[in-house]
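>>> All I have is the shape, not the residue letters:
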């Protein structure tokens, strides 16, 4: 067994190697999935590494500002201009995901409210972090959320390559950790993150570090007080910290449970993807949206992963992010209510 001091270097080096491998397949969530997979291996082999909670909270704050940065004012204008269309598409996906979660609970594939959080079609990282605050099994939520992220990201990447020009597909793979940094904006962004995380800990809000940083980022960005500056290196560290924090909570028992549930989880995920593809077809057929934009807008993967693909593809980025943002905001408010209702329903049945 490696001495505890050697586990950190091993964790970092192996995580970097897996990220590089996943990047070869152009998976948008590679920066988070790589560290999480390596951490799962460490946890399953009883070689845990401890992540300090303040670092985990700050990583949530970085993700919150990252999501806020992907929501320019044009997103909200797009939602206002196409209110009925967005409402119909957003609530159709949420209804399908809630039905999927309910069926998984009824069939006892996943326990309690875990199925609802695992099925929620929002940003995967945000849903996993919020699930922890509402007594769901965060390990199973993470397993289902990121399994869906991988499936949706692979499909989205393949569809983008089929429908987008070759140059756009090549740009999707471009990722450089070291990039020029606007230091005053970066310092202001860090100040916003630290303040929001500090307030969230003082108020003890569920998933507060993420949600308050998202709200604070939107406020300062849309009022033009601060230009949110998040260098790729900081995002890489934040994703790694979150991936490690989630992966290290797994153990052999939970992995065995997840393996047994895998066939039915895959059925639920592909059913939800099929529903979203049907909605995308309706957008193409009746709203005149181009196919790639429609698919990315209705995709049930993480909003952060979809943003990465959409930003490097010839699509209507405002439309895609407006749809993803609208759904994410609705899920933020309906997720806890659905989870509590399902937990009560399960308790009454028992």
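In hand now; what should we look at? It should be emphasised that the depicted structure is a prediction, and the values quoted were computed from it without experimental measurement. Numbering: from 1, shown residues only.
>>> got a list of contacts for stretch 49-61?
4, 7-8, 11, 39, 42, 129, 193-194, 196-197, 200-201, 207, 209-210, 213, 237-239, 241-242, 244-245, 248 (C-beta atoms under 8 Å, 6 or more residues apart in numbering). (Glycine included, C-beta is placed from N, CA and C.)
>>> hmm, which of these are the buried ones?
Neighbour counting with 16 or more other C-beta atoms under 10 Å marks 7, 11, 39, 42, 129, 193, 196-197, 200, 207, 209-210, 213, 237-239, 241-242, 244-245, 248 as buried within those.
>>> which helices and strands sit right next to the helix or strand containing residue 100?
Residue 100 is part of helix 83-106, with elements assigned from DSSP states H and E. Packed against helix 83-106, as judged by 3 or more C-beta pairs under 8 Å, 6 or more residues apart in numbering; DSSP states H and E, are the following elements: helix 114-119, helix 252-287, helix 291-298, helix 317-349.
>>> Those: lowest mean pLDDT?
In terms of average pLDDT, helix 317-349 trails the rest of the helices and strands packed on helix 83-106, at a mean of 75.
>>> For the stretch 101-250 of the chain, which residues score under the pLDDT cut-off?
Applying pLDDT under 70 to the stretch 101-250 of the chain flags the ranges 112, 122-123, 157, 161, 163-176, 206-207.
>>> What segments of it are helices?
Ranges of helices in the stretch 101-250 of the chain, per DSSP state H, counting those that start in this stretch, are 114-119, 124-133, 138-163, 166-172, 183-203, 208-222, 232-247.
>>> quick one: which of those helices is nearest residue 263?
helix 138-163 (12.0 Å; C-beta to C-beta).
>>> got the angle for the closest one vs helix 232-247?
130 degrees (axes from the mean of the first three to the mean of the last three C-alpha atoms, to 10 degrees).
>>> Nearest to residue 96, out of the helices and strands packed on helix 83-106?
Nearest of those (C-beta to C-beta): helix 252-287, 4.4 Å.
>>> tilt between that closest one and helix 291-298?
Using the same axes, to 10 degrees, helix 252-287 lies at 130 degrees relative to helix 291-298.
>>> buried sites along helix 252-287?
254, 257-258, 261, 265, 268-269, 272-273, 275-277, 279-280, 282-284.
>>> do stretch 181-200 as well
186, 188-190, 192-193, 196-197, 200.
>>> circling back to that earlier point, export the helices and strands packed on helix 83-106 to a markdown table and append columns for distance to residue 99.
Output for the helices and strands packed on helix 83-106, formatted as a markdown table (distance: least, C-beta to C-beta, whole Å):
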| stretch | distance to residue 99 |
| --- | --- |
| helix 114-119 | 9 |
| helix 252-287 | 9 |
| helix 291-298 | 16 |
| helix 317-349 | 11 |
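>>> Out of these, which gets nearest to residue 226?
Residue 226 lies closest, by C-beta to C-beta, to one member of the helices and strands packed on helix 83-106: helix 317-349, at 19.3 Å.
>>> Tell me the helices and strands packed up against the closest one.
Checking 3+ C-beta pairs under 8 Å, 6+ apart, helix 317-349 ends up next to helix 73-81, helix 83-106, helix 114-119, helix 124-133, helix 291-298, helix 303-311.
>>> Go ahead and flag the most central residue of this structure.
Central residue of the chain (C-alpha atoms, centre = their mean): residue 124, 2.5 Å from the mean position.
>>> so that one makes contact with residue 145?
Yes - at 4.1 Å, residue 124 counts as touching residue 145 under the criterion of C-beta atoms under 8 Å.
>>> Now residue 77: closest residue in space that isn't a chain neighbour?
residue 318 (7.8 Å; C-beta to C-beta, 6 or more residues apart in numbering).
>>> neighbours of that neighbour, just the number please.
If you count neighbours by other C-beta atoms under 10 Å, residue 318 ends up with 19.
>>> Residue 73 is in contact with that one, correct?
No - between residue 318 and residue 73 there is no contact under C-beta under 8 Å: 9.8 Å.
>>> Residue 268 and residue 109, how far apart?
8 Å (C-beta to C-beta, to the nearest Å).
>>> just checking, what packs against the helix or strand residue 16 falls within?
Applying DSSP H and E as the criterion places residue 16 in helix 4-24. Here helix 4-24 touches helix 30-44, helix 232-247, going by 3+ C-beta pairs under 8 Å, 6+ apart.
>>> Distance to residue 55 added to those, as JSON lines?
JSON lines is the format used below for the helices and strands packed on helix 4-24 (distance: least, C-beta to C-beta, whole Å):
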{"stretch": "helix 30-44", "distance to residue 55": "13"}
{"stretch": "helix 232-247", "distance to residue 55": "6"}
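>>> quick one: residue 294 and residue 276 touch, right?
No - Residue 294 is not in contact with residue 276 according to C-beta under 8 Å; the separation is 9.7 Å.
>>> Can you get me a residue count around residue 83?
Using other C-beta under 10 Å, residue 83 is surrounded by 10 other residues.
>>> That one and residue 324, how far apart?
16 Å.
>>> how about the nearest residue to residue 249 once chain neighbours are set aside, what does it touch?
Among residues not flanking residue 249 along the chain, residue 139 sits closest, at 5.1 Å (C-beta to C-beta, 6+ apart). Residue 139 makes contact with 246, 249-250, 254, 258, according to C-beta under 8 Å, 6+ apart.
>>> Tell me the one among the residues you listed nearest to residue 310.
Residue 310 has its nearest neighbour among the contacts of residue 139 in residue 246, at 24.9 Å by C-beta to C-beta.
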